[in-house]
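Enquirer: Here's my sequence, what's the structure:
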Amino acid sequence: MNRTILSVLGVIIATAMTPSLVHGHGDVAPQPVNTDALPDVGEEWLEENPYRGQSADVWTRAIEIGDSGYNQNCARCHGLGVVSGGLAPDLRYLEAELDGDEWYVERFQHGYTQNGITKMPAFGELLGQKAAWAIRTYIETRPGDGALDSVTPRLLEIRDQLKAMATGGDGDATALQSELSGIADGIETESGAPVADSVAFRAANILASAKPDFAKAAEVLTIGLSAAN
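Expert: Take a look at the predicted model:
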């Protein structure tokens, strides 16, 4: 089981066992985020997401790192997969443009206190700017509510095909990758970001590699579709 999945499960377990954490986040120690794989962005804090217009490799890596960072530090309040349960703002609706970036980075740097209670700690000095923008990249690319509903039956069929292929069954990996990419292109975000970080997008990228991992692609679809429902 990969580290991202373990992080998600950890958040679920921690939230279930310590419900007080969802009411005040000030006593929760932020977890470090390894951003070594991302290009430097300088010491002075930027106003706009520097990874949004980067190459596909950098952008995808920012999403992966942001996914891990979000689930370790933000999901207990803002919800798994950035789907808020109502206690904190649903960050998927934060516009993927300058105005949204300015609001986000202000809160990330300085936190938020209401009536003397820390609702969100200041992450800026603790996690740094690269982690901030990686998390922002992950957030803004999350699919909207119900975005997968119409394609879920077909994604489950593809999942089953990939499972069979992982154990030696016949199948056309190129055709499946193309179909998944087409499905991914039709999934919209709430932020206005042009590409959604959907399970179809992730599975398509796995199949696009030189040595596609059918089992891993099937696992991504299984876990992602389960979480969506």
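Enquirer: all contacts plus neighbour counts: C-alpha atoms, from now on.
Expert: Fine.
Enquirer: give me the element Gly224 is part of.
Expert: Assignment of secondary structure by DSSP states H and E places Gly224 within helix 214-228.
Enquirer: Name the surrounding residues that touch that helix.
Expert: 148, 152, 155-156, 158-160, 162-163, 165-166, 199-200, 202-204, 206-207 (C-alpha atoms under 8 Å, 6 or more residues apart in numbering).
Enquirer: cutoff 6 Å now
Expert: Under the contact criterion C-alpha atoms under 6 Å, 6 or more residues apart in numbering, helix 214-228 has outside partners Arg159, Leu162, Lys163, Ala166, Val199, Ala203.
Enquirer: which secondary structure elements does the longest helix seen in the chain contact?
Expert: If you go by DSSP state H, the chain has its longest helix at helix 56-73. For helix 56-73, the packing partners by 3 or more C-alpha pairs under 6 Å, 6 or more residues apart in numbering; DSSP states H and E come out as helix 129-140.
Enquirer: quick check: angle from the helix it packs on to helix 56-73?
Expert: 90 degrees (axes from the mean of the first three to the mean of the last three C-alpha atoms, to 10 degrees).
Enquirer: what comes up buried for helix 129-140?
Expert: Gln129, Lys130, Ala131, Ala132, Trp133, Ala134, Ile135, Arg136, Thr137, Tyr138, Ile139, Glu140 (16 or more other C-alpha atoms under 10 Å).
Enquirer: Columns pLDDT on top of those residues, output as JSON lines?
Expert: JSON lines is the format used below for the buried residues of helix 129-140 (pLDDT from 0 to 100):
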{"residue": "Gln129", "pLDDT": "97"}
{"residue": "Lys130", "pLDDT": "97"}
{"residue": "Ala131", "pLDDT": "97"}
{"residue": "Ala132", "pLDDT": "98"}
{"residue": "Trp133", "pLDDT": "98"}
{"residue": "Ala134", "pLDDT": "98"}
{"residue": "Ile135", "pLDDT": "98"}
{"residue": "Arg136", "pLDDT": "98"}
{"residue": "Thr137", "pLDDT": "98"}
{"residue": "Tyr138", "pLDDT": "98"}
{"residue": "Ile139", "pLDDT": "97"}
{"residue": "Glu140", "pLDDT": "97"}
